[in-house]
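S.K.: A structural model of the following input is requested.
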Amino acid sequence: MPYDIVEKHHHPKYPRLALLLTTASKNWLARTYLNGRLRYKSTSTPSLTTAFRIGAEWYAEEVRAAQAEEKRHPDQPKSQWAMSAMFESFVGTLNPRKAAEATRQWGPIKGFWAHHDIRRVSPKVFRQFYAKRREHDIGNHTLHKDITLVRQILKHAAEEELIEHLPFIPRIGKIAHNPRKWLTPEEWKHLQAVSRQRIKDAENIRTKKQRQDCHDFMTFMVHSMMRVDEVRHLTFGDCVLGKNKQGHDILIVNVRVSKTGPRPNVVCLVGAAAVFKRRQTPQTKPTDRIFSTLTRDAFRSLLTAANLYEDGNGNTRNLKALRATGISFRILDGANVVLIANNSGTSINSISNFYAKYLRGTDDVDALTTIKPLRRKP
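M.R.: Residues are numbered from 1 along each chain as shown. Just a heads-up that it's a prediction; the model follows:
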């Protein structure tokens, strides 16, 4: 919504008609919800009394038109109360990126929820949904994501005062942690060595470029601790080169696209700085992306060639394992865990449960066994 609501009044005769005073205009704005979407009408007057009269006339015309449409299509559901209509209204409040993600999540569950009346969603309906999804071997983790979207849709309905309160949502069950298997320092060195050799052995220029792009991408991931989508959306203008106290090159990044929101001043290590300098040319524009092509398939081929596609538990690795690797390396280097969490856009709890889940005492025996002398009081 491109404006903020300063004042809001409901019409005494039509509870679903609201008069809004916004920061965008001195005149009152009439708003209602019919046939699955929000409708607006400027009253062109700063007088609330006059706005009530104009808004009521407009609302009555809209209702008559909606009733006439319903008579022409009697087989259609009562769309203003259908979950599908409420989803469309909810998506309209999101930015394009979040709207696309919500639409993707809605696809698998649309068949169950689309024609449900938002006023009759109950714990029983949720249990029926759980049972239906589990028929397709859907686990609790995915179910939790499904219910999060459903709850957002119902919350939107409550905000629009179409339902009085959110229904009780039964517990889904325990959600098992699914931590990413990191690459140990030895595995990481081996992967880099195999990658360099594959670049040298490339049959043609196109394959050589693909493998070099993959090598640069995985290096940037480990040395930045960023998410895959965050790195893919980075432009040259988002990055600034710098140096630390030891004189090593570092990269300061402004993360604009992230599932946790913008994150300025992200510090990346020397490997990311080297990739940035290598990929920048005199013709590079600030708006150009550092990585303009996808490297998912190339990275899978590299993991297979290095015999690292599966971890010790039989789970397959992908690009997301590189973020876990970068975070684990920084922990082993002795960096402050709070700084690591803030820099990588996550929490200490998430680091413990997911990214550093596979770290063991044997990964840094000296750090655990070195005894420092206690400071004596003077």
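
S.K.: Just the buried residues of the longest helix along the chain, please?
M.R.: With secondary structure taken from DSSP state H, the chain has its longest helix at helix 48-72. Within helix 48-72, the residues scored as buried using 16 or more other C-beta atoms under 10 Å are 51-52, 54-56, 58-59, 62, 66. Just so you know, the C-beta spots here come from the backbone N, C-alpha and C atoms, and that holds for glycine as well.

S.K.: Find the nearest non-adjacent residue to Arg263, please.
M.R.: Leaving aside its sequence neighbours, Arg263 sits nearest to Val255 (C-beta to C-beta, 6 or more residues apart in numbering; 4.2 Å).

S.K.: And the helices in the stretch 1-150 of the chain?
M.R.: Along the stretch 1-150 of the chain, counting by DSSP state H, counting those that start in this stretch, helices occupy 48-72, 83-91, 96-113, 123-134, 140-159.

S.K.: so which of these comes closest to Met225?
M.R.: Nearest of the helices of the stretch 1-150 of the chain to Met225, taken as C-beta to C-beta: helix 96-113 at 21.7 Å.

S.K.: Point out the other helices and strands that the closest one packs with.
M.R.: On a contact count with 3 or more C-beta pairs under 8 Å, 6 or more residues apart in numbering; DSSP states H and E, helix 96-113 meets helix 83-91, helix 123-134, helix 140-159.

S.K.: Any chance of JSON lines for these, columns mean neighbour count?
M.R.: Shown next, in JSON lines, are the helices and strands packed on helix 96-113 (neighbours: other C-beta atoms under 10 Å):
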{"stretch": "helix 83-91", "mean neighbour count": "20"}
{"stretch": "helix 123-134", "mean neighbour count": "15"}
{"stretch": "helix 140-159", "mean neighbour count": "16"}
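
S.K.: so can I have JSON lines of those helices showing distance to Thr103?
M.R.: As requested, the helices and strands packed on helix 96-113 are arranged in JSON lines below (distance: least, C-beta to C-beta, whole Å):
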{"stretch": "helix 83-91", "distance to Thr103": "6"}
{"stretch": "helix 123-134", "distance to Thr103": "18"}
{"stretch": "helix 140-159", "distance to Thr103": "10"}
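
S.K.: looking at the ones you listed, which is closest to Gln192?
M.R.: In terms of C-beta to C-beta, the element of the helices and strands packed on helix 96-113 nearest to Gln192 is helix 140-159, at 32.1 Å.

S.K.: So which residues make contact with that closest one?
M.R.: Outside helix 140-159, the residues that touch it by C-beta atoms under 8 Å, 6 or more residues apart in numbering are 83, 86-87, 89-90, 93, 102, 105-106, 108-109, 113, 118, 121, 126, 129-130, 133-134, 138, 163-167, 169, 172-176, 178.

S.K.: Check stretch 200-212 too.
M.R.: 195, 198-199, 293, 295, 298, 302.
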